[in-house]
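Enquirer: need coordinates for the below:
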Amino acid sequence: QIHLVESGGGLVQTGGSLTLSCEASGGRFSAWTIAWFRQTPGKEREFVACVLSGSGSTTYYTDSAKGRFTVSRDNAENTAYLQMNSLEPEDTADYYCAGIRGYSRTPSKYDIWGQGTQVTVSA
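Expert: Numbers count the residues shown, from 1 in each chain. Alright, predicted model coming up:
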């Protein structure tokens, strides 16, 4: 099993950018699909983007992230990234990375979760 730790959250103005990192330890990182989810108080955790296991050439995004966010991975560094551009107040949430063998957009299917990092976008 891998262990995931997120970093990179913070406060940014509307239109700004942030890059979140998800560093893995304890396993073969390249074998795991890494996804990013986000959650706001009172709402369900929602899928944002994922990069499939292997080289990282296959990625998926939710509609709101397409064109603004880029998910990637560096297997040599055991780290996945979520680069977020053109941020909007609606992107304010706790962001989590998660790992799965395979692919899913459903949070309950994921075995491994990081502790989360907070992103706040001011208007």
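
Enquirer: dump the residue contacts of the residue sitting nearest the centre point of the chain.
Expert: Compute the mean C-alpha point of the chain, and by Cα atoms, centre = their mean the closest residue is residue 36, 2.5 Å away. Applying Cβ atoms under 8 Å, 6 or more residues apart in numbering, we find residue 36 in contact with 20, 22, 47-50, 71, 80, 82, 95-98. Bear in mind the C-beta positions are built from the backbone N, C-alpha and C, glycine included.

Enquirer: and if you look at residue 87?
Expert: Residue 87 touches 12, 14, 15, 16, 17, 18, 68, 119, 121, counting by Cβ under 8 Å, 6+ apart.

Enquirer: just put the residues you listed in JSON lines and tack on distance to residue 90, secondary structure and neighbour count.
Expert: Formatted as JSON lines, the contacts of residue 87 follow (distance: Cβ to Cβ, whole Å; DSSP: H, G, I helix; E, B strand; the rest coil; neighbours: other Cβ atoms under 10 Å):
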{"residue": "12", "distance to residue 90": "13", "secondary structure": "strand", "neighbour count": "17"}
{"residue": "14", "distance to residue 90": "10", "secondary structure": "coil", "neighbour count": "13"}
{"residue": "15", "distance to residue 90": "13", "secondary structure": "coil", "neighbour count": "10"}
{"residue": "16", "distance to residue 90": "14", "secondary structure": "coil", "neighbour count": "15"}
{"residue": "17", "distance to residue 90": "16", "secondary structure": "coil", "neighbour count": "11"}
{"residue": "18", "distance to residue 90": "14", "secondary structure": "strand", "neighbour count": "20"}
{"residue": "68", "distance to residue 90": "11", "secondary structure": "coil", "neighbour count": "15"}
{"residue": "119", "distance to residue 90": "11", "secondary structure": "strand", "neighbour count": "21"}
{"residue": "121", "distance to residue 90": "8", "secondary structure": "strand", "neighbour count": "19"}
